[in-house]
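*Asks:* Here's my sequence, what's the structure:
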Amino acid sequence: MWTKLRQQLWQWRSLLIITPSVAGLVILLRFTGIIQFLEWAAFDQYVRLRPQEPPEDRIAIVGINEADLHELIGQDYIPDKFLAQLLLKLQAKKPRAIGLDIYRDLPVEPGHADLVKVYQNTTNLIGIHQIIGAGIPPSPILQAKGQIGANGLLIDPDAKVRRGFLSIRDREGKQMWSFAMLLALHYLQPEGIKPPDINAPIYRIGKSTFPAFTGNDGGYVRANDSKYQILLNYRGPQKYFHSVSMKDVLQDNLPPDWGRDRIILVGNVGEIFEDFVFSPFNSGFPLGIERTARVEIHANQISQILSTILNQRPLIKTWSDPLECLWILLWSGVGACLIWQLRTDSMSKISLHQIIEPFLAAIALFGITFLAFLTGWWIPVIPPLLALSGSAIAITAYLAHSAGMIRKTFGRYLTDEVVANLLEQPDGLKLGGERRNITILTSDLRGFTAISERLPAEEVIKIINLYLGYMADVITQYQGTIDEFMGDGILVLFGAPTSREDDAIRAIACAVSMQLAMEPVNQTMQELGLPHLEMGIGINTGEVVVGNIGSEKRSKYGIVGDQVNLTYRIESYSIGGQILISESTLKQVESLVRIAGQKSVQPKGVKQPITIYEIGGIAGKYNLYLHKATEIYLTLSAPLFLQYTVLDGKHIDSNISTGKLIKLSDKGAEIYLEENSVILAPLTNIKLNLLLPNSELFSADMYAKVLAQTTANNYYIHFTNQPPEVEQQLQRIYQSLKSQ
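*Replies:* You can find the predicted model right below:
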């Protein structure tokens, strides 16, 4: 149980790390305030998108505009006389309250005495006091009567009004109701609803509670919450409330019961007054396109208070900070999981699923938060959206990095083309194959089995890695597909998975380059004190089945067919430094290659003899040639006795024959076999032991390949492996013969 859990945690470790990391980064951004402007913009968009509510019939607006001033007064300001007349006309409509949203602290003659009289005789008239900023003193008469409310609008840093006061302290430190709150309380008195204690920590009016705004509510970060504020739940856009002009009131153009039991707001709506602010309904860019009259903002706030108390219309509610953090973490996990589940798809390039699914999740996020907004909840949308996209991008980047690592890892065993075929092609991982005509190259180190038996395993691995490293670079240069490393042997494909017209040409050029690369290999071997290496190469062209071979649990990209076996047979005939090709390969490159020799052989499993050709080089754009030193055979003054056995593949014949080594060259010898010895066919592999000078025992095992039969009992052989001590003695003998 614990082991399986540990395995699961290990497999999902990236997801478990990225999800909280991205969420933590977004939460940090959220509480630094960097993204609060985006969240405000989302809030504004939701306000504009939600269905419009029925008009608020309890509130009406008397707007004073330029036409009123010019037609009624003939000047750009309102004398007290006209304001007094307006208020008397409105009072006659029997409203529950009149809100005068006009700053009037000094007399504006004529008619100031008339206005004072109206102030004194009107008990439901509420004036406004600008407290924030420089402040504008209210009417002293209304202030003395307690009929003054504070201007309760708060402007956010993006110049929009989303909050309003319910109460605020004046400059003397006295708590006073906001303009909207005081008008709403006047309206509620006939309903039997009493005002709350103005100094209470939480206002409860009727059955409704008005929680105070705190600094991190909604999209806000460390906002000033020192006064009793609420988030404004706007009822509608500008000009949403029933409005009439001052001229309509003064000229009695309204029905008699137009203002009965209403709250009537009097305010400036003409551009000349510049008494405008921006609301969520106004365009965000540029800000100067459209604005909302301040009196309409007051109307929205009054409507919000009344609707909450009388109609149970929801206030805008927000989550606590811990709940918001969990919400962000959730969407970070959603984004990460959506991409993580696609990790078994092609990771080397972005798939359609990787784009669509996070996009659909983002739509779901907007849908959930918008539906919540319709019920009165302001749930953050921008931070979880950033977490969703951030974790999706992070997981995608991680998977892309993983794919790169997989490519790099696979690239140690397969070519980039095979890796691309496996990772990117729709059928790349399907089992099965196709018939294709390709050129096959196999190489093998001569006598490496004997070398590996004499050296520690660590040294053997070092030799193989050194040798294969050089060869892999050469093969990659010629766009060969390394299908398999078999110890010191290499199987290379030209024409799979990608077929090209010059597959056979590149295969031969690659083989020549591989033989040339053996020189730096052996230089390094000499510096490391390791034995000299020789490699033989065989090349064949033919039809094979190529594809994914194996089972659903384990498979490999490989080839199957008789032509593969034939290539191995051809390679087995080669000696160190030699490249042998089949006739089918020669037909495709005949005009470009230099033929150094040819032989007719009959490989096991082939009914008829075939001709194989030794390659000395290739012309054309590659222009590569092998340097082949002439073997000089020198006669020994005293022949060396030997015994030998024939090798059949890896099997050693039990029959031991005898003979003499009569001539010696740099890499081979001429031997004489006794009359009753087995006749050796050319290219036969033998194991032999020499009776060296001043020795009474035969040497350690040596290996050689028969090159040709010179007379009935004489053969030329090429040493494929010699024990170091034997090689050193034979070299001394050969050098002494050369110096004579």
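*Asks:* wait, isn't Leu680 in contact with Gln709?
*Replies:* Yes. If you go by Cβ atoms under 8 Å, Leu680 and Gln709 touch, sitting 7.1 Å apart. Quick note: C-beta positions are derived from backbone N, CA and C, even for glycine.
*Asks:* higher neighbour count, these two?
*Replies:* Higher neighbour count among Leu680 and Gln709: Leu680, with 20 against 15, using other Cβ atoms under 10 Å.
*Asks:* From Ser695, how far out is the more buried one?
*Replies:* Per Cβ to Cβ, to the nearest Å, Leu680 is found 25 Å from Ser695.
*Asks:* again with Gln75
*Replies:* From Gln75 over to Ser695 the distance is 135 Å, taken as Cβ to Cβ.
*Asks:* buried residues in the helix or strand containing Ser21?
*Replies:* Ser21 belongs to helix 13-32 when assigned by DSSP states H and E. Neighbour-count burial for helix 13-32 flags 14-15, 18-20, 22-23, 25-27, 29-31 (criterion: 16 or more other Cβ atoms under 10 Å).
*Asks:* now swap in stretch 521-533 and tell me
*Replies:* Under the neighbour-count criterion of 16+ other Cβ under 10 Å, stretch 521-533 has 521-522, 525, 530-531, 533 buried.
*Asks:* And stretch 618-635, by the same measure?
*Replies:* Residues of stretch 618-635 classed as buried: 618, 622, 624, 626, 633-634 (neighbour count, 16+ other Cβ under 10 Å).
*Asks:* Counting by contacts, list what the longest helix that the chain contains packs against.
*Replies:* Identified as the longest helix of the chain according to DSSP state H is helix 382-411. Packing partners of helix 382-411 (3 or more Cβ pairs under 8 Å, 6 or more residues apart in numbering; DSSP states H and E): helix 13-32, helix 36-49, helix 321-340, helix 352-374, helix 416-423.
*Asks:* so of the ones you listed, which one's packed in deepest?
*Replies:* helix 321-340 (a mean of 21; mean count of other Cβ atoms under 10 Å).
*Asks:* Outside of that one itself, list whatever touches it.
*Replies:* Helix 321-340 is contacted from outside by 12, 14-15, 18-20, 22-23, 26-27, 30, 216, 319, 354, 357-358, 361, 365, 379-380, 383-385, 387-392, 394-396, 399, using Cβ atoms under 8 Å, 6 or more residues apart in numbering.
*Asks:* Likewise for stretch 189-208?
*Replies:* 96, 166-167, 175-177, 185, 188, 209-212, 228, 261, 305, 308-310, 312.
*Asks:* Just the buried subset of those residues, please.
*Replies:* For the contacts of stretch 189-208, buried by 16+ other Cβ under 10 Å: 96, 166-167, 176-177, 185, 188, 210, 228, 305, 308-310.
*Asks:* Mark which of those are part of helices, please.
*Replies:* Short answer: the buried ones among the contacts of stretch 189-208 in helices (DSSP H) are 185, 188, 305, 308-310.
*Asks:* Return the member of those residues nearest to Leu580.
*Replies:* Thr308 (95.4 Å; Cβ to Cβ).
*Asks:* Touching, the closest one and Pro314? I think so.
*Replies:* Yes. Taking contacts as Cβ under 8 Å, Thr308 lies within contact range of Pro314: 7.5 Å.
*Asks:* low-confidence ranges in the stretch 51-200 of the chain?
*Replies:* 133-135 (pLDDT under 70).
*Asks:* Next, the buried residues of stretch 494-511.
*Replies:* For stretch 494-511, a neighbour-count test (16+ other Cβ under 10 Å) marks 494-497, 502-511 as buried.
*Asks:* what do you get for stretch 114-122?
*Replies:* By 16+ other Cβ under 10 Å, the buried positions in stretch 114-122 come out as 114-116, 118-119, 122.
*Asks:* Kindly report the same for stretch 64-72.
*Replies:* Within stretch 64-72, the residues scored as buried using 16+ other Cβ under 10 Å are 64-65, 68-69, 72.
*Asks:* what sits up against that stretch?
*Replies:* Residues from elsewhere that reach stretch 64-72 (Cβ under 8 Å, 6+ apart): 75-78, 82, 102, 245-247, 250, 266-273.
*Asks:* separation between Phe179 and Ile148?
*Replies:* According to Cβ to Cβ, Phe179 stands 8 Å off from Ile148.
*Asks:* my bad, should have said Ala629
*Replies:* Per Cβ to Cβ, Ala629 is found 115 Å from Ile148.
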